[in-house]
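Q: Fold the following, please.
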Amino acid sequence: MFMSRLSGKVALITGASSGLGRVGAERFAAEGAKVVIADVTDGDDVVEAIDAAGGEASFVRCDVTDEASVKNAIDFAVETYGGLHVLYNNAGVMLGDDDNPVTTSVETYQKTMDINVLGTLLGCKYAIPAMQESGGGSIVNVASFVAHMGAATPQVAYTASKGAVLAMTREIAVIYARQGIRCNALCPGPIMTPLLAKFLSDDAKRNRRLVHIPMGRFGEPTEIANGALFLASDESSWMTGQSLIIDGGITAAYVTPE
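A: Predicted coordinates:
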């Protein structure tokens, strides 16, 4: 029996074929949303899993760095389900050779910015008019705890990109606050996903990250999905332009309050 926290809402989630995006898609569908899986990789198995659980979902191929592709994905959501109420800008990368400013290549920096920042902008660019036609909506942009502090392990392109996402989120929130569209940033700490696991190839690398987490463990994908669900739902109806940090206490331990 599905609950109704997103009942009657249409949600598009980028990068939802795997990882945090897939967990979020399944969670949103379980709460009553009609979910569009938008990804460069095939998402039919996610759709099948949601359908098997009694939910409703569709897949559309989408490259978030390509304007026409993003527009097509938003159009697909509206044409398939009659509107759009939630945009979950989840797609993102952290490239293996992203390091310090001296050693990180311009190519790595640009690719990171294209996917993490331009992809978020393009999603908003085409989702906002669709949300206006649908009577309002909620945008959830995935930033990171490193948008608030420097990362212990150098990753200058990723950190810069997530800072940009957070700043963009605040700007969008202010512009559309009186038009029924909310925009918030979801800022996860280190979450145990395949993306993180590839950087934890030995105990030394794992422990270097764990030592900074007051709770002493990495986060779970469901813990981030629950945060996204809160921001997407009407439960956060008086919340916009904010940063929801879910990081096991990292920023509480290291960031000086403003």
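
Q: Let me see the ranges of the helices in this protein.
A: Taking DSSP state H, the helices of the chain run over residues 19-30, 44-52, 67-81, 106-113, 119-133, 156-176, 194-197, 203-210, 221-232, 250-254.

Q: Nearest to Leu244, out of the ones you listed?
A: Using CB to CB as the criterion, the shortest distance between Leu244 and the helices of the chain is 5.4 Å, found for helix 221-232. Placement of C-beta: from N, CA and C, glycine included.

Q: And the contacts of that closest one?
A: Outside of helix 221-232, the residues that reach it under the criterion CB atoms under 8 Å, 6 or more residues apart in numbering are 5-6, 9, 11, 19-20, 23-24, 26-28, 31, 33, 86, 88, 90, 138, 140, 184, 186, 188, 191-193, 236, 239, 244, 246.

Q: Which of these are buried? Put it as a PyMOL command.
A: The command below creates a PyMOL selection of those among the contacts of helix 221-232 that count as buried (16 or more other CB atoms under 10 Å):
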select buried, resi 5+6+9+11+19+20+23+24+26+27+28+31+33+86+88+90+138+140+184+186+188+191+193+236+244+246
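
Q: List the ones among the contacts of helix 221-232 that fall in strands.
A: Using DSSP state E to define strands, the subset of those located there is 11, 86, 88, 138, 140, 184, 186, 188, 244, 246.

Q: Make JSON lines out of these and add distance to Val146.
A: Conversion of these to JSON lines gives the following (distance: CB to CB, whole Å):
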{"residue": "Ala11", "distance to Val146": "26"}
{"residue": "Val86", "distance to Val146": "25"}
{"residue": "Tyr88", "distance to Val146": "20"}
{"residue": "Ser138", "distance to Val146": "24"}
{"residue": "Val140", "distance to Val146": "18"}
{"residue": "Asn184", "distance to Val146": "17"}
{"residue": "Leu186", "distance to Val146": "13"}
{"residue": "Pro188", "distance to Val146": "10"}
{"residue": "Leu244", "distance to Val146": "15"}
{"residue": "Ile246", "distance to Val146": "13"}
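
Q: Distance check, Arg208 against Arg178.
A: 45 Å (CB to CB, to the nearest Å).
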